[in-house]
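Student: 3D, please:
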Amino acid sequence: TFELLGGTIQGGTIAAGATVTFSFSVELAKTVTPGVTITNTANITQSTTLEGTETGERNSTASGNDTVRIRRNSLAGRVFNDLDNDGVFDTGESGIGGVQLRLTGTDHHGTAVDLTVNTLADGTYLFDILRPGNYAIAQTQPAAFLDGKDTVGTQGGNASSNDLIFNIALPAGAETFGTGNNFAEISPAALSGSVYHDANNDGFRVSETGIDGVQIRLTGKNDLNENVEITVTTAGGGNYTFTGLRPSDVDGYTITQVAEPAGYLDGKDRDGSLGNGVATNNQISSINVAPGNNGTSYNFGEVIASTLSGYVYHDSNNDGIRAGEPVGSGIANSTITLTGTDDLGQSVNLSTTTDADGFWQFTGLRPSNAAGYTIEQTSLPAAYIDGRDTIGTPGGNASVNNRFSAVVVNSNTTGQNNNFGELLPASLSG
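Tutor: Numbering: from 1, shown residues only. Sure thing, here's the model as predicted:
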């Protein structure tokens, strides 16, 4: 007789000298914990219903033990700051602690599974003591980070959905210890700069006045091949910032100044601190942005149009000084020309004539190049002979008769009193 859980199994009649083997299977309950070892014990004792009292003939006993280890499964991984956005946890990259991971699915008994853990300080997490079944791991996006690349672990699965690894199959016939179920995160990037009055037109902002109310636009594609178009307006001293940016694609982002601010002409624009952009007129392109980059000083310089003016006049005392000359000393219809090259390399050739007061003026001028402009009186008024010429502001060279050269103009230059004195011829008689 074989006893099992308080019951008996009858083995039938055993012939004298024969050997009998009892074989049986044990079915484990659902409540058995994976990973533990269970011991099964079987005892064989004498039957109390058999006839006879021969000592040692019918009262032999035997017992035996067998151990069974319940298969155990686990799923593990890491949440980390992916500095190079490649989805691989590299040397020098750090884990992100306190991130919630949720495991859902159904085990091989058909029981629903829903477990939650938080990553440790090093970013690692573990779902342990799992039964066979089909599962998914979902991550809650950590604050202050943008979503990076997710990686399926050694057990297999699918990571095509954002912050989710699904179709994880843990088979019943083996133990599975899945590792490398990683969720990479990236730090947001920023790009900033200013629009300002570049008073010396050198392309560098040093204590110069910003211009508020100018629209700046960021365009391009991010690392997910998504179109990006963001428009901001300068404020607080001409400043602007684009925040919360994903990395750019290989072509980089473009920052465009949408329009010139009223009252200004286009100045020098300059690539910023990342040093990989290309600055052209009102636009900085090919700005390659990596996770966590903080690009600054993407600046758009503006200049204010300048003027140059002066007089052609009768210098009655031939001292080269217009002040003190009587009303009506101005000479009308004298031709004045302005020539040279501006700061953009464009040729300048302008002409004007003096008014009734002898006044002449060139307005709306861009800054000159380093050589400066040349102002020349190209026609001598009838009835006059050449007198003294006096250069005014902003200065230059007056060594050639009827000509002021090397007149260097910056932004918002107001050049005045560049005067050409003329004389009436004298006569002697007798």
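Student: what's the span of stretch 243-251, first residue to last?
Tutor: One end of stretch 243-251 sits 19 Å from the other (Cα to Cα, to the nearest Å).
Student: next: stretch 294-306.
Tutor: Length of stretch 294-306, first residue to last, Cα to Cα: 36 Å.
Student: show me which positions of it end up buried.
Tutor: Neighbour counts using 16 or more other Cβ atoms under 10 Å place N294, G295, Y298, N299, F300, G301, E302, V303, I304, A305, S306 of stretch 294-306 among the buried residues. Backbone N, C-alpha and C define where each C-beta goes, glycine included.
Student: what's the closest of those residues to E376?
Tutor: E376 lies nearest to S306 out of these, by Cβ to Cβ, at 18.1 Å.
Student: my read: that closest one touches N410, true?
Tutor: Yes: with contact defined as Cβ atoms under 8 Å, S306 and N410 form a contacting pair (7.3 Å).
Student: need the residues touching each of these two.
Tutor: Common neighbours of S306 and N410 are listed as P367 (criterion: Cβ atoms under 8 Å, 6 or more residues apart in numbering).
Student: tell me, how many residues neighbour the closest residue in space to V258 that isn't next to it in sequence?
Tutor: Take V258 and drop its neighbours on the chain: the residue closest to it by Cβ to Cβ, 6 or more residues apart in numbering is Q215, 4.0 Å away. Burial measure for Q215: 15 neighbouring residues, criterion other Cβ atoms under 10 Å.
Student: kindly report the same for G98.
Tutor: Residues lying near G98 (other Cβ under 10 Å) number 12.
Student: list phi and psi for it.
Tutor: With angles defined as degrees, to the nearest 10, G98 sits at phi 80, psi 20.
Student: what residues are up against the residue lying closest to it once chain neighbours are set aside?
Tutor: Leaving aside its chain neighbours, G98 sits nearest to N118 (5.7 Å; criterion: Cβ to Cβ, 6+ apart). Counting by Cβ under 8 Å, 6+ apart, N118 touches G97, G98, V99, Q100, L101, Y125.
Student: need the contact list for the fourth one.
Tutor: Contacts of Q100 were listed using Cβ under 8 Å, 6+ apart, and they are T116, V117, N118, Q139, T140.
Student: repeat for the first one
Tutor: When the contact criterion is Cβ under 8 Å, 6+ apart, the partners of G97 are N118, T119, L120, A121, D122, G123.
Student: quick check, pLDDT for the third one.
Tutor: In this prediction, L120 carries a pLDDT score of 98.
Student: OK, contacts around it?
Tutor: When contacts are counted by Cβ under 8 Å, 6+ apart, L120 touches G95, G97.
Student: any idea how far G238 is from it?
Tutor: Using Cβ to Cβ, to the nearest Å, L120 is found at 46 Å from G238.
Student: what's the burial count for A398?
Tutor: Neighbours around A398, by other Cβ under 10 Å: 20.
Student: farthest-separated two in the contacts of N118?
Tutor: G97 and L101 (12.0 Å).
Student: helices and strands around the strand or helix carrying R388, which ones?
Tutor: If you go by DSSP states H and E, R388 is part of strand 385-390. For strand 385-390, the packing partners by 3 or more Cβ pairs under 8 Å, 6 or more residues apart in numbering; DSSP states H and E come out as strand 419-423.
Student: and the strand it packs on, which strands flank it?
Tutor: strand 306-314 (parallel), strand 385-390 (antiparallel) (DSSP bridges).
Student: and stretch 400-414, average pLDDT?
Tutor: The pLDDT scores in stretch 400-414 average 97.
Student: just how off-centre is it within its chain?
Tutor: Computed by Cα atoms, centre = their mean, to the nearest Å, the chain-centroid distance of stretch 400-414 equals 45 Å.
Student: how long is it from one end to the other?
Tutor: Separation of the first and last residues of stretch 400-414 by Cα to Cα is 23 Å.
Student: residues in contact with it: which ones?
Tutor: 197-201, 267, 303-308, 365-368, 370-378, 380, 386, 389, 391, 393-398, 415, 418, 420.
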